[in-house]
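J.: Take a look and give me a structure for this.
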Amino acid sequence: MSISGDGAVNFAVYSKNANAVSLYLYASGGGGEPALEIDLDPYVHRTGSVWHVSLASVEGYASYAFCCGGIRRPLLDPYAKVIGDFVAGNSVYDEGVTAPSMRCFASLASVPSYNWGRARHPRLPLEKLVVYRANVALFTKDKSSGLPDDAAGTFSGFCAKIEHFRSLGVNAILLEPVFPFHQVKGPYFPYHFFSPMNLYSSEGSSVSAINSMKDIVKAMHKNGIEVLLEVVFTHTAEGESECQTISMRGIDNPSYYIANGMAGCKASVLNCNQPVTQRLILDSLRHWVLDFHVDGFCFINAPFLLRDPGGEYLSRPPLLEAIAFDPVLSDTKIIADPWSPLDISNVQFLFPHWKRWAEMNTRFSIDVRKFLKREALISDLATRLCGSGDLFSTRGPAFSFNYVSRNSGLSLVDLVSFSNDDLASESSWNCGEEGPSENNVVLQTRLRQIRNFLFILFVSLGVPVLNMGDECGHSAAGSVSYKDRGPLNWRGMMTTFVKEITGFISFLTALRSRRGDIFQRREFLKLENIHWYGSDLSEPGWDDPTSNFLCMHINAEVDEMAADSVRGDLYICFNANEESMSATLPALAEGSIWLRLVDTSLAFPGFFATECNPKVQQMLGLSSYHVEGHTCVLFESKRALA
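T.: Take a look at the predicted model:
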C-alpha cells in the first residue's frame, strides 16, 4: 500500500500464478466480513505479474487484505508495515485439503513518524564488537526484573535494563527474531518480515511495537551500543502438517516457496534465490535499516540461503551477492549463522562471502569445549585462539563471531553441570557429578571451568558473543531444547557468583579494549610474533592427544605512537589437565617484569586484577609459575618502576 500526495491510495501485490485477485476493505475493528470487495480486472488492474488498484479515498475503512485465486480467504499483504493481531480463521477446503487458516489484516494507517533526535549509528568496526545475544521477552518477563506488568517482557522493559549491558562492557546487542512469529513454535518461525511483534509492545499494538522498537535502537545508540537482528528468511510459519495459510502461501505459493520443500522438512521453505522472493528479502532488510536504524543482521539457517529451487547449493547465490553489494546495506554488519531451527543442526560450512559476510563460528564452540574436556588436540585450540585461520584466511579474524554457548543447546552453567549419554554431541562435562551438587570440590571445578570458558572466549581473536543468562548462571536443567529456556531471574544478580562472573566479564571487555593491538584486529597476528610452548618452555605436544597444556607468548608489535602501557607482551597458559603444570615465563628485556592479570584457580576477588592493583603478582622473566589443573593464566609484561 502506498499513499500519494493527493491522498489517493494504491494497492499492489505480486502474484504470477493467481487467475483472480480481489481487494478486501474492512471497517474499524476489522474481523468479520469485508465492508467492501473489489475484484481486480486482469486487463485493467494487472501489469506483468503485479495486480494493482488505486482508490481516491479509503475513509471509513481501517484495514485491508487480498484474496487470490477466487478462494474467499483474506491474505496479509507481505509488504504491510502496520498489521493487526494474528487470529484463527475458518478452515478452507482447497484442492482436496481442509486448511485451517490464520488471519491477519494490514492496517490502512501509515507508519507513525518518529523523532530520532541526535542519536546516530555507532558505526563500530567489526573487530571492536562485544556482542550479547538476547530474547526480548525472556530478558525481563520474570517478576524479578522489577518492572511493571505492562513493561515486563516487552521492548520497553528491555530498554530499561540498558545499564546491565553497560556494566558488562557490551557494545552490540543481537536480538533473537522480533518479526511476528508463531507463538507455539517460537520466534524462529515468522509470519511476516516488515513489522515487529505486537506482543513485544506494552499496548499490544503494531504502532506501539514500532515505536517501542525504535526506542530501543535510539537508547542503545545514545550509549554507543549497536543493535543487530537475527532474521529468518529461509522459511515461514505457513504450511507444515496443518497447511495454514496466512499470506504468501495463498498469494503465490509456487513463486515464493520451493514447491516440494526439503527432504524431511515440514515447514514452508522460501525460494530465496527466486527474483521476487529475493526482492522481498532485500526490501525488508532495507526497511529495518532505513526506518528502524538497525546496525546489522544475523541470518539464521544460512546454508538454506545458498540453495536453488531444486535444493542444490549455488556457488554464487544471487541473494547473498545482492546483500553483500547493496548500497543501503553497505555500512551494516551481515553475519551468517549455520544453526537451523528446522532440523536443529549446527554445522560449519563453506560460505561465499565477498569479504562482507561474517559468520558464527561453530568450530570455536566445539574445539574450546573439547579442549576443556581434554578431548581435543592443542593445535585445535591454538587455531581458535588465533582467529580460526582455517575458516577465515581470506577475510581476517574480525569476521569470526565466537561463542561457547548459544540459545539452543546447553547454557554455560549447564555445560559444566550435565554430561549424560543424551548430551554426547554437546561435548559437556559435569565436573564429577551430574546435575545440581553440594560437593564443594565439584562446585569449585565448575566455577573454574566457567571462568575458563569466558577467558578463552575473550582472549581469542574474533568477536566474542555472550549468550543471555550466561553471566548469571541461567540454567535449563540440562535441556538442549530452545523451548525449555525460561525467563532470566534477576534476583540472582545480587549473589556473589553473579557479581564475580559479571565483574570478570567487565574486566575482560576492558582488557580487549585496552589491548586492542592484539585482541581487536582486522588482520591476523604475524607468525613471528607468536611463540608456543609446553611445560617449562618445551615444544608443545601438537600431535599428542593426551597433551592438554599450552602456553602462548605474544610479542606486541612496536608502535612508536602508542603509550608504553599498551605495548607489553602477553603470556597465556591453558591447562586442561587434572594435575598442575609448570610454566616458565620467557625472558624479557632488562628492566621489564611480568604481571599476573588472571589466574582462574584463585579465589574471588583475587583471580583477576588490573595493573593498578597493588596485589598484582610481579615476576621476573624465566621464573617458574605453578599452573593449577583446569586453569588459565594471563601475564602481561611491563617496565619495572624504579
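J.: Distance check, residue 36 against residue 177.
T.: When Cβ to Cβ, to the nearest Å is the yardstick, residue 36 and residue 177 sit 34 Å from each other. The C-beta positions use only the backbone N, C-alpha and C, and glycine is treated the same way.
J.: And those two? Which one has more around it.
T.: Each of residue 36 and residue 177 had its neighbours counted (other Cβ atoms under 10 Å), and the higher figure belongs to residue 177 (22 against 14).
J.: doesn't residue 188 make contact with that one?
T.: Yes. When contacts are counted by Cβ atoms under 8 Å, residue 177 is listed as touching residue 188 (6.1 Å).
J.: Can you work out which residues contact both of those two?
T.: Common contact partners of residue 177 and residue 188 (Cβ atoms under 8 Å, 6 or more residues apart in numbering): 232, 300.
J.: check which helix or strand covers the residue nearest in space to the middle of the chain.
T.: With distances taken as Cα atoms, centre = their mean, residue 174 lies nearest the centre of the chain, 4.6 Å away. Using DSSP states H and E, residue 174 sits in strand 172-175.
J.: Give me the contact list for the helix or strand that that strand is followed by.
T.: Proceeding C-terminally, strand 172-175 gives way to strand 181-182 as the next helix or strand, assigned by DSSP H and E. Contact partners of strand 181-182, identified using Cβ under 8 Å, 6+ apart, comprise 187, 188, 189, 190, 191, 197, 237.
J.: Identify the residues contacting the fifth one.
T.: Okay, so that is residue 191. The contact partners of residue 191, by Cβ under 8 Å, 6+ apart, come to 76, 86, 102, 104, 179-182, 236-238, 246-247.
J.: Among the residues you listed, pick out the one closest to residue 524, please.
T.: residue 179 (36.4 Å; Cβ to Cβ).
J.: All the strands of the stretch 151-300 of the chain, in order from the start?
T.: Secondary structure of the stretch 151-300 of the chain (DSSP state E, counting those that start in this stretch): strands located at 172-175, 181-182, 186-190, 226-231, 235-239, 267-269, 296-299.
J.: among the contacts of strand 181-182, which one has the lowest pLDDT?
T.: Of all these, residue 237 carries the smallest pLDDT score, 89.
J.: Can you verify my assumption that it contacts residue 248?
T.: No. With contact defined as Cβ under 8 Å, residue 237 does not count as touching residue 248 (11.1 Å).
J.: thinking again about what came up before, so for the strand holding residue 174, could I get the coordinates as PDB, restricted to C-alpha?
T.: In PDB, the C-alpha atoms belonging to strand 172-175 read as follows (Å, rounded to 0.1, in the frame of the first residue of the first chain):
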ATOM      1  CA  ALA A 172      26.300  -4.700  20.500                       C
ATOM      2  CA  ILE A 173      23.000  -6.400  21.200                       C
ATOM      3  CA  LEU A 174      22.000  -9.300  19.000                       C
ATOM      4  CA  LEU A 175      18.200  -9.700  19.300                       C
END
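J.: Quick check: closest non-adjacent residue to residue 141.
T.: Closest residue to residue 141 in three dimensions, ignoring its sequence neighbours and counting by Cβ to Cβ, 6 or more residues apart in numbering: residue 153, at 3.6 Å.
J.: what about the one you found, distance to residue 200?
T.: Here residue 153 is placed at a distance of 8 Å from residue 200 (Cβ to Cβ).
J.: Spit out the residues that contact those two alike.
T.: 136, 137.
J.: Tell me the confidence at residue 641?
T.: Each residue has a pLDDT score; the one for residue 641 is 66.
J.: Residue 626: which of the strands of the stretch 151-300 of the chain is closest?
T.: With Cβ to Cβ, the closest approach to residue 626 among those belongs to strand 172-175: 37.9 Å.
J.: what sits up against the closest one?
T.: The set of residues external to strand 172-175 that reach it, using Cβ under 8 Å, 6+ apart, is 124, 129-136, 165, 220, 225-230, 295, 298, 465.
J.: what's the answer for stretch 421-437, then?
T.: The set of residues external to stretch 421-437 that reach it, using Cβ under 8 Å, 6+ apart, is 366, 369-370, 372-373, 375, 409-410, 414-420, 439, 441-443, 445-446, 449, 477-478, 480.
J.: Quote the end-to-end distance of it.
T.: Counting by Cα to Cα, to the nearest Å, you get 19 Å between the two ends of stretch 421-437.
J.: Now find how far off-centre that stretch is within its chain.
T.: For stretch 421-437, the gap between its own C-alpha mean and the chain's C-alpha mean amounts to 25 Å (Cα atoms, centre = their mean, to the nearest Å).
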